[in-house]
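S.K.: just to be clear, the model below is a prediction. Sequence and coordinates:
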Amino acid sequence: MKLERKMNRVKVALRVLGLFFSAGALLAGCTPQFPDYKATAKNTPLPNLRGMRYCELFFIGGNPITKNLYADVFNTSFLNEKADPRDSCPEGVWSKVDGDALAKQYHALKVFKNGPRAWTIDYTELPISPDVVTFDGLQARWFMTVDLPKNIEVGEKGGTAYKPTVGHRNSAMKFDKGKPVFILESPNGMSWVMQAYSMIVDPALTYEGLQTLDKKLKLPPGWKYRVKVLEDDLTIRALNGNALLVQDDLENTYDACFKDGGQQACSINP
């Protein structure tokens with residue numbers, strides 16, 4: 001009876017997370033079965049990104065009982081572009097990707113389909129895998145791992161909203177002088193600069209619509225949104241292999257201008 005009650009509590013916890021898998025995996029945790037892409041990743045420049053459409057697959061592993069979860073992130077940028085060089089996530093291919101089947105195939109707790117999205121940065125450079133992996137016809141490359149917040153609602157629209165997390169990568173992203181940046185300000189005054197906007201929650205969202213995004217966002221108390229045209233180039237770097245990330249309630253993604261050990265992630269204060 002005690003074991004039965006324990007398993008019932010486990011199942012309830014998993015329903016909250018949206019994760020469903022076998023009882024043995026529940027207790028042991030789960031690690032997606034991939035090569036060590038981090039060890040073989042090569043520093044790769046990615047120019048001319050602003051406005052490029054892409055999508056991502058999050059292969060989630062870890063322990064769902066303790067909620068210590070992470071994800072291997074695969075990104076489609078500069079792939080799948082036969083029809084349109086600015087669209088690396090064609091809807092006809094993306095719609096056929098079966099997250100549940102991929103989770104079983106790669107022994108993940110869940111596969112979260114993150115997209116379609118479009119970049120708002122102009123350039124980035126980071127270690128990514130040179131290997132192209134095909135998932136149900138969609139080509140992608142390993143970009144990084146991320147720690148998932150313990151209070152995240154995986155796969156729920158808006159479930160990541162305003163919950164900061166850490167991305168493990170050694171990256172630098174650049175925003176060009178004279179172009180707009182789209183900024184969240186958290187209650188402590190920290191600036192978070194949008195790296196990509198999402199068409200997941202609002203399929204009609206466009207780059208032009210980011211100018212008045214504050215009219216659509218459901219900002220928590222103390223959070224603000226603003227747009228600024230840069231007077232100088234802005235570079236945001238990961239510090240000590242970590243980047244701080246957050247999403248708004250439309251699942252647009254932002255990088256923090258944070259400090260660590262006397263270093264500053266942002267080259268200027270936007």
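M.R.: Yep, that arrived. Numbering: from 1, shown residues only.

S.K.: ok, the closest residue to residue 263 other than its chain neighbours to residue 106 distance?
M.R.: Closest residue to residue 263 apart from its sequence neighbours, by CB to CB, 6 or more residues apart in numbering: residue 239 at 5.1 Å. For the C-beta atoms, the positions are set from N, CA and C on the backbone; glycine is no exception. Residue 239 is 31 Å from residue 106, where distance means CB to CB, to the nearest Å.

S.K.: one step back: relative to residue 264, how far out is the residue nearest to residue 263?
M.R.: Per CB to CB, residue 239 is found 8 Å from residue 264.

S.K.: neighbour count winner among these two?
M.R.: The residue with more neighbours, out of residue 239 and residue 264, is residue 239; 18 against 14, by other CB atoms under 10 Å.

S.K.: the more buried one pairs with what?
M.R.: Judged by DSSP bridges, the bridge partners of residue 239 are residue 242.

S.K.: what do you get for residue 138?
M.R.: In this entry, residue 138 is beta-bridged to residue 135, by DSSP bridges.

S.K.: and residue 111, by the same measure?
M.R.: According to DSSP bridges, beta-bridge pairing links residue 111 with residue 59.

S.K.: and it, how far from residue 72?
M.R.: 10 Å.

S.K.: now residue 49
M.R.: On the measure of CB to CB, residue 49 and residue 72 end up 21 Å apart.

S.K.: now do residue 53
M.R.: For residue 53, the distance to residue 72 equals 22 Å [CB to CB].

S.K.: equivalent analysis for residue 56, please.
M.R.: Per CB to CB, residue 56 is found 10 Å from residue 72.

S.K.: give me the more crowded residue out of residue 111 and residue 72.
M.R.: Counted by other CB under 10 Å, residue 111 and residue 72 do not tie: residue 111 has more neighbours, with 26 against 22.

S.K.: which ones are touching that one?
M.R.: Counting by CB atoms under 8 Å, 6 or more residues apart in numbering, residue 111 touches 57-60, 99-100, 102-103.

S.K.: which SSE is the nearest residue to residue 243 once chain neighbours are set aside in?
M.R.: In space, and not counting its chain neighbours, residue 243 is closest to residue 167: 4.4 Å by CB to CB, 6+ apart. Using DSSP states H and E, residue 167 maps to strand 165-168.

S.K.: before we move on, the earlier item: shared neighbours, residue 111 and residue 72?
M.R.: By CB under 8 Å, 6+ apart, the residues touching both residue 111 and residue 72 are 58-59.

S.K.: next, the residue lying closest to residue 210 once chain neighbours are set aside: secondary structure please.
M.R.: Among residues not flanking residue 210 along the chain, residue 182 sits closest, at 4.9 Å (CB to CB, 6+ apart). Following DSSP: H, G, I helix; E, B strand; the rest coil, the label given to residue 182 is strand.

S.K.: fine by me, thanks again.
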